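>>> Sequence below, structure please.
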Amino acid sequence: MPINVPIILTWLRIAMIPLVVGLFYLPDSWMSVPTRDTLAAWAFIIAALTDWFDGWLARRWNQTSAFGAFLDPVADKLMVCAALIVLLDLSRVDAFISLIIIGREITISALREWMAKIGASASVAVHRLGKFKTAAQMVAIPCLLYNQPVYGVSTKLLGDVLIVVAAVLTVWSMLYYLQRAWPAIREKAL
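So this is what the prediction gives:
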C-alpha cells in the first residue's frame with residue numbers, strides 16, 4: 001500500500017466518520033444541539049473537501065495509485081452512508097431517500113467490481129451524472145446536519161430540496177451505468 005499525502009487525506013476522511021457520528025451520541029449536557037449540529041456539519045464539510053483535495057493532489061503530484069483509486073470511493077460511500085443513517089435517526093431525511101442513495105451505492109460498487117473482473121471497467125467509468133449526484137449530496141448533507149437558518153435561509157429546506165435532487169440523480173446515474181454495462185453483462189452472463 002503506497003503512503004502519500006492523497007492517501008493520508010483519504011484515510012483522514014474515513015477517520016472523521018466516527019467523529020461526525022459520535023457527536024450525536026454525546027450527552028446533551030456536554031454541548032447544545034445547535035453546537036453539536038454545527039460541529040457535525042463542519043466536520044462533514046472538511047471531510048468532503050478532502051475528497052476533492054486528495055484527488056487534485058494525486059493528479060498534480062502524479063501520485064495516483066490503484067489503491068488510492070479503490071480507497072477514495074469507499075471513503076466517500078462510507079461517509080455519505082454514515083451521515084444518511086444519522087440523518088435518518090434524527091428524522092431529518094426520509095427513509096425512502098436514504099434507501100435509494102445507499103442502495104445505489106451498493107449496486108454500483110458491486111457492478112464496478114464485477115465489470116473489473118470481466119475486463120470491462122471502462123464501461124462504468126465515472127460520468128458527470130455521478131459527479132452532479134455527489135455534488136448535490138455533499139451540499140445537502142451538511143445542510144441537513146446543520147439544520148439551522150443562515151442569514152434567514154433555511155438550510156433544512158435547502159437540504160431537503162438538494163437531497164431529493166441527489167436521489168433523482170442517483171437513480172438516473174444508476175440507470176446510466178447499468179445501461180452502459182448491459183452489453184458486457186449480457187455477453188459474459190450468457
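>>> okay, CA-based contacts and neighbour counts for the rest of this
OK.
>>> residues touching Thr170, list them.
Contact partners of Thr170, counting by C-alpha atoms under 8 Å, 6 or more residues apart in numbering, are 100-101, 104, 130, 133.
>>> and if you look at Ala43?
16, 19-20 are the contacts of Ala43 under C-alpha under 8 Å, 6+ apart.
>>> where's the dip in pLDDT among the contacts of Thr170?
pLDDT across the contacts of Thr170 is lowest for Gly130, at 81.
>>> Strands of this structure, start to end?
For the chain, applying DSSP state E gives strands covering 149-150, 153-154.
>>> Please identify the pairing partners of the last one and their relative orientation?
Pointing back at strand 153-154 there. Under the criterion DSSP bridges, strand 153-154 sits next to strand 149-150 (antiparallel) in its sheet.
>>> picking up where we left off before, name the member of the contacts of Ala43 that has the highest neighbour count.
Neighbour counts for the contacts of Ala43 peak at Val20, which has 24 neighbours (criterion: other C-alpha atoms under 10 Å).
>>> And the pLDDT at Ser173?
89.
>>> you'd agree it is up against Val126?
No - taking contacts as C-alpha atoms under 8 Å, Ser173 lies outside contact range of Val126: 9.7 Å.
>>> which of the two has more neighbours?
Ser173 (22 against 11).
>>> tell me the contacts of that one?
Residues near Ser173 by C-alpha under 8 Å, 6+ apart: 129-130, 133.
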